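A.B. asks: got a predicted structure here, sequence first:
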Amino acid sequence: MAKKDEDFEEEIKEGIVGKNVIKKVEKYFFRAVREFQMVKKGETIAVALSGGKDSSAGLYLMGELQKKLPFDLIAITINEGGEYREASLEKAKELCKILNVKHFIYSFRDEIGIELDEIGKKADNVCSYCGVFRRWLINRKAKELKAGKLVLAHNKDDFAQTFLMNILRNEPERIARFAPVSGYSSPKFVTRIRPLIYCEEEEVLEYAKQKKLPFLAKACPYRKGAFRLRVVKFLDALEKEYEGTKQNALDCSMFMMDAVEGELKRMKCRQEIRECKKCGEPSSEGICMKCRMLEEIKGKS
C-alpha cells in the first residue's frame with residue numbers, strides 16, 4: 001500500500017531523510033510546479049545553470065518533468081571568468097551532455113567587456129557587480145533564445161535569506177519580485193520560476209549527491225565579503241537554536257509578496273519600466289543599473 005502524504009511528512013519530522021531525500025525533493029519540486037502553474041505545454045524553458053548543486057539538481061528535475069509534460073528545455077551558463085568559474089563550467093558542460101540538453105554559454109568578457117577578477121581588483125563589493133551583470137546578461141540571452149520561462153534554482157534557504165536581506169535593506173518592492181513565479185510589467189523581462197522553493201539546501205545537496213550529478217561543491221571565493229553570507233550565518237544559527245525559523249521566514253515572505261504587491265498597486269507607486277538609453281534593456285531609470293555600474297567600475301584605477 002502506498003504511503004499517505006501525512007505518513008511521509010511524519011517520517012521527515014522524525015529525521016528519517018537519508019533514504020527518502022530523493023522522494024522528498026521530487027515531491028516538493030512537482031508540488032511547486034503544480035501549485036504555481038510554472039510550466040505550460042510547448043514552452044521553451046531555460047535553466048540558469050551555474051554548475052553548482054542547486055542549478056544542477058534543478059536542470060535534472062526539469063528533465064524529469066519534461067518526461068511528463070512536453071516542452072523544450074535548454075540551459076544557459078554565464079561565465080564570469082576566473083579559475084572558480086572554469087571549474088564549475090566544466091561540471092555544467094558534463095551535466096548537459098549526460099542529460100542531452102542544449103547548452104548555451106556566454107561570458108562577461110565577450111558580452112560586457114570585463115571579467116570577475118578585474119572587478120575584484122577594483123572593488124570590495126564584487127558580488128554586487130557580479131549579480132547585476134549576471135542577471136542583465138542571462139535575461140538578455142534568455143529573450144534571444146525565445147525562452148518563455150527562466151528557471152532559477154533558489155531553495156527554501158535562499159528565500160529566507162533574501163526575505164531578511166530585503167527587510168534589512170528597506171527594499172519592500174523586492175519582496176514582491178522574489179516570488180515562486182516572478183512576472184514583470186515589461187515583456188523585456190523573461191518570467192522567472194523557482195521550483196525548488198520548498199526544498200532545503202541540505203536536501204538539494206544530498207539529492208545531487210545521491211543522483212550522482214556532476215557539480216562543483218566549492219563556493220565562489222568572492223562570497224567571503226558578501227552581505228548574504230552574514231545573513232546565512234545568522235539564519236543558520238537561529239535555525240539551530242529555534243528549529244523552524246527558516247520555514248517561518250518562507251511562510252512570512254509568501255504572505256508579504258501578495259501584501260506588498262497589493263499595497264504597491266493601491267498606492268500606484270510601482271516604478272515604470274522603461275528602456276535603458278545605452279543598452280535598450282528594461283530599466284526603472286534612464287540608464288540601467290548594469291550600464292551605470294559598468295561605467296563606474298571601468299572608471300576606477
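C.D. replies: Looks like it came in fine.
A.B. asks: beyond the longest strand along the chain, next helix or strand please.
C.D. replies: Secondary structure of the chain per DSSP state E: the longest strand is strand 72-79. Remark: after strand 72-79, the chain's next helix or strand is helix 83-99, criterion DSSP states H and E.
A.B. asks: point out where the stretch 201-301 of the chain drops to low pLDDT.
C.D. replies: 225, 257-271, 301 (pLDDT under 70).
A.B. asks: nope, the stretch 1-150 of the chain is what I meant
C.D. replies: In the stretch 1-150 of the chain, residues with pLDDT under 70: 1-19.
A.B. asks: now with 50?
C.D. replies: Regions of the stretch 1-150 of the chain meeting the criterion pLDDT under 50 cover residues 1-16.
A.B. asks: which stretches in it count as helices?
C.D. replies: 5-13, 21-35, 53-66, 83-99, 108-111, 116-122, 126-144 (DSSP state H, counting those that start in this stretch).
A.B. asks: buried residues, the shortest one. List them.
C.D. replies: Just to be clear, that refers to helix 108-111. Using 16 or more other Cβ atoms under 10 Å as the test for burial, helix 108-111 gives Phe108. Yep, even glycine has a C-beta here, placed from its N, CA and C like the rest.
A.B. asks: and that helix, what does it pack onto?
C.D. replies: Using 3 or more Cβ pairs under 8 Å, 6 or more residues apart in numbering; DSSP states H and E, the elements in contact with helix 108-111 are strand 72-79, helix 126-144.
A.B. asks: make it 6 Å
C.D. replies: Applying 3 or more Cβ pairs under 6 Å, 6 or more residues apart in numbering; DSSP states H and E, we find helix 108-111 packed against no helix or strand.
A.B. asks: one step back: what's the closest of the helices of the stretch 1-150 of the chain to Asp251?
C.D. replies: Nearest to Asp251 among the helices of the stretch 1-150 of the chain is helix 21-35; the distance by Cβ to Cβ comes to 14.1 Å.
A.B. asks: tell me what the closest one is packed against?
C.D. replies: On a contact count with 3+ Cβ pairs under 6 Å, 6+ apart, helix 21-35 meets helix 201-210.
A.B. asks: what's the first-to-last distance across stretch 149-160?
C.D. replies: Length of stretch 149-160, first residue to last, Cα to Cα, to the nearest Å: 23 Å.
A.B. asks: how about residues contacting it?
C.D. replies: Defining contact as Cβ atoms under 6 Å, 6 or more residues apart in numbering, one finds that stretch 149-160 is touched by 45-48, 54-55, 58, 142, 190-194, 196, 199-201, 204, 235, 246, 249-250, 253.
A.B. asks: of the residues you listed, buried ones?
C.D. replies: The neighbour count (16+ other Cβ under 10 Å) marks 45-48, 54-55, 58, 142, 190, 192-194, 196, 199-201, 204, 235, 246, 249-250, 253 as buried among the contacts of stretch 149-160.
A.B. asks: on that earlier part again, what pairs with the longest strand of the chain, parallel or antiparallel?
C.D. replies: According to DSSP bridges, strand 72-79 forms sheet pairs with strand 44-48 (parallel), strand 102-107 (parallel).
A.B. asks: winner for burial among the helices of the stretch 1-150 of the chain?
C.D. replies: Across those, averaging neighbours per residue (mean count of other Cβ atoms under 10 Å) puts helix 53-66 on top, at a mean of 23.
A.B. asks: which other helices and strands contact that one?
C.D. replies: Helix 53-66 is packed against strand 44-48, strand 72-79, helix 201-210, with contacts defined by 3+ Cβ pairs under 6 Å, 6+ apart.
A.B. asks: what angle do it and helix 21-35 make?
C.D. replies: Counting by axes from the mean of the first three to the mean of the last three Cα atoms, to 10 degrees, helix 53-66 lies at 70 degrees to helix 21-35.
A.B. asks: just want the angle from helix 53-66 to helix 201-210.
C.D. replies: If you take the same axes, to 10 degrees, helix 53-66 sits at 70 degrees to helix 201-210.
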